[in-house]
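In: I would like the atomic coordinates for the input below:
(one chain, ligands or ions: 1)
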Amino acid sequence: MKQNVVGELEQLRASARERVDAAGDQRALEDLRVGLLGKKGELTGVLRQLGSLPAAERAAAGAAANQLKDEIFGWIAERQAALEAKRHTALGDTEWVDMTFVPNPVRRGHLHPLTLILREVKAIFSRLGYEVALGPEVEDEVHNFEALNIPAEHPARDTMDSFYVDADQLLLRTHTSPVQIRYMQSHKPPIRIIAPGAVYRRDATDPSHGSQFYQFEGLVVDHDIRLSDLKGTIEYFARSLFGPDRRIRIVGDHFPFTEPSIGAAVSCGLCGGAGCRSCKAGWLEILGAGMVHPQVLRNGGIDPDHYAGFAFGAGLDRLAMLKYNVSDIRLFLEPDVRFLRQF
Ligand code: PHE
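Out: From the prediction side, this is the model:
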C-alpha cells in the first residue's frame with residue numbers, strides 16, 4: 001500500500017512537471033492548477049488515500065504529498081512568469097505604437113506672394129504717412145477715362161481695351177487711377193493715399209500680361225508739391241522694397257492725367273545695371289507717375305492754383321515678379337500650393 005501511494009506521487013510529479021511546462025497560455029495553466037490541486041484534483045485524490053495507510057507510514061507519505069503540492073505551485077508560478085514574459089516580448093511585434101506618426105498633419109496656409117508684396121508696400125507708405133483708400137472694380141467711364149483726360153476718341157483707350165458690363169456705361173476698371181478722382185471728390189487736401197486693387201484689361205494672355213492683375217495707385221495733393229518730392233518718394237519706395245543698393249532711373253513718359261509724366265526703373269538686381277537676360281539693358285520698369293494734371297485736380301474738385309499733386313501707379317504683379325524672380329504672371333492666378341509655398 002505504502003509503495004503504491006509513494007509510486008503514484010512519483011508518477012504524478014513527473015507528469016505534472018511535464019504538463020505545466022507544456023501549458024501554452026494562462027488559461028491552460030489555470031485548468032492544470034484546478035486539475036492537479038483542486039478539490040477533485042489528481043493530488044487531492046492521492047492525498048485521500050493517506051487515511052488507509054498504517055499510521056507509521058502516513059506521516060512520511062503526507063509530507064511527500066505536501067512537498068509535491070508546494071513544488072507544483074512553484075512550477076505553475078514559474079510557468080506563469082515565463083508565459084507573461086513571452087507575451088511582453090510579442091507585444092513588440094503586435095502592439096507597437098509609432099510615436100512619430102501624425103494623423104492628418106495640420107498644413108498651415110501660406111500668404112499669396114501678391115499679399116506679401118502688398119503688405120510691404122502698405123508698410124513702406126504708411127511710414128511716409130499714407131493712408132489706404134479703395135475704389136470699386138466696376139467703374140463708370142467718367143472716373144475710369146473722362147475725368148482722367150481720356151476722352152472717348154483718345155488713343156489711350158485702345159491700349160486699355162476694356163471689359164464692359166452694362167451697355168457701354170460700366171466697365172471693369174482698367175487701372176486704379178479712377179480712385180484718384182473719387183478720393184479728391186470726397187476729401188480735401190492734404191491728401192496722401194495709396195489705392196491698391198485688381199484691374200482688368202482685354203489683353204492677350206502671355207507670361208507678362210493677364211486680363212486681371214493688380215496695381216496700386218499713389219496720390220499726394222498739398223501745397224508746394226514738386227516733382228522732386230515725387231522722385232524722392234519713388235527712391236525711398238524702391239530702395240525699401242528692393243534693397244539699398246538699387247539705383248533709380250527716371251525717364252520721361254506720357255500719361256494723359258499727369259504733366260509732366262515720368263517712368264521709373266530700378267537697376268537690375270542680378271547684373272547690377274550692366275544688362276542681362278532678365279532685364280532690359282540693366283533696368284527694370286516699376287511704375288508710371290507724374291504731376292497731377294491741373295484739369296484732373298479740377299475734375300476732383302481741387303483748385304490747381306492753390307494745390308499741386310503727384311500720382312504714381314505700379315503693377316503689384318510686376319513688383320512681385322521682380323522681387324521674387326517669378327517668370328510668369330499667370331502663376332499668381334493659379335491655386336497651386338507648390339507655387340505658393342515657395343515664398
Ligand atoms: N494708370 C497708369 C497705368 O495704368 C499708371 C499711372 C498712374 C501713371 C498714375 C501716372 C500716374 O498705366
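In: count the residues that sit near residue 174.
Out: 24 (other C-beta atoms under 10 Å). The C-beta positions use only the backbone N, C-alpha and C, and glycine is treated the same way.
In: buried residues in the strand or helix carrying residue 260?
Out: In this structure, residue 260 sits in strand 258-267 according to DSSP states H and E. Across strand 258-267, burial judged by 16 or more other C-beta atoms under 10 Å covers 258, 261-267.
In: between the helix or strand residue 230 falls within and strand 258-267, how many degrees?
Out: Secondary structure assigned from DSSP H and E places residue 230 in helix 227-242. Following axes from the mean of the first three to the mean of the last three C-alpha atoms, to 10 degrees, one obtains 30 degrees for the angle between helix 227-242 and strand 258-267.
In: tell me which residues of helix 227-242 come out buried.
Out: 229-231, 233-235, 237-242.
In: thinking again about what came up before, including pLDDT and distance to the ligand, could the buried residues of strand 258-267 go into CSV?
Out: Compiled in CSV, the buried residues of strand 258-267 are given as follows (pLDDT from 0 to 100; distance: C-beta to the nearest ligand atom, whole Å):
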residue, pLDDT, distance to the ligand
258, 98, 5
261, 98, 6
262, 98, 8
263, 97, 9
264, 95, 10
265, 90, 14
266, 85, 17
267, 83, 21
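In: the residue in the stretch 201-343 of the chain that the ligand sits nearest to: neighbouring residues, count only.
Out: When you check the stretch 201-343 of the chain against the ligand by C-beta to the nearest ligand atom, the closest residue turns out to be residue 313, at 2.5 Å. Residue 313 has 23 neighbours, counted by other C-beta under 10 Å.
In: starting from the helix or strand containing it, tell me which strands it pairs with and how they run.
Out: Residue 313 belongs to strand 308-315 when elements are defined using DSSP H and E. Using DSSP bridges, the strands paired with strand 308-315 are strand 212-222 (antiparallel), strand 283-292 (antiparallel).
In: after it, next one along is what?
Out: In the C-terminal direction from strand 308-315 (assignment by DSSP H and E), the next one is helix 316-324.
In: ok now that next one, how far from the chain's centre?
Out: Distance of helix 316-324 from its chain centroid, counting by C-alpha atoms, centre = their mean, to the nearest Å, is 20 Å.
In: give me the distance from whichever helix or strand comes after it to the chain's centre.
Out: For helix 316-324, the succeeding helix or strand toward the C-terminus, using DSSP H and E, is helix 337-340. Taking C-alpha atoms, centre = their mean, one finds the center of helix 337-340 at 9 Å from the center of the full chain.
In: go ahead and name everything in contact with helix 337-340.
Out: Residues outside helix 337-340 that contact it (C-beta atoms under 8 Å, 6 or more residues apart in numbering) are 110, 112-113, 331.
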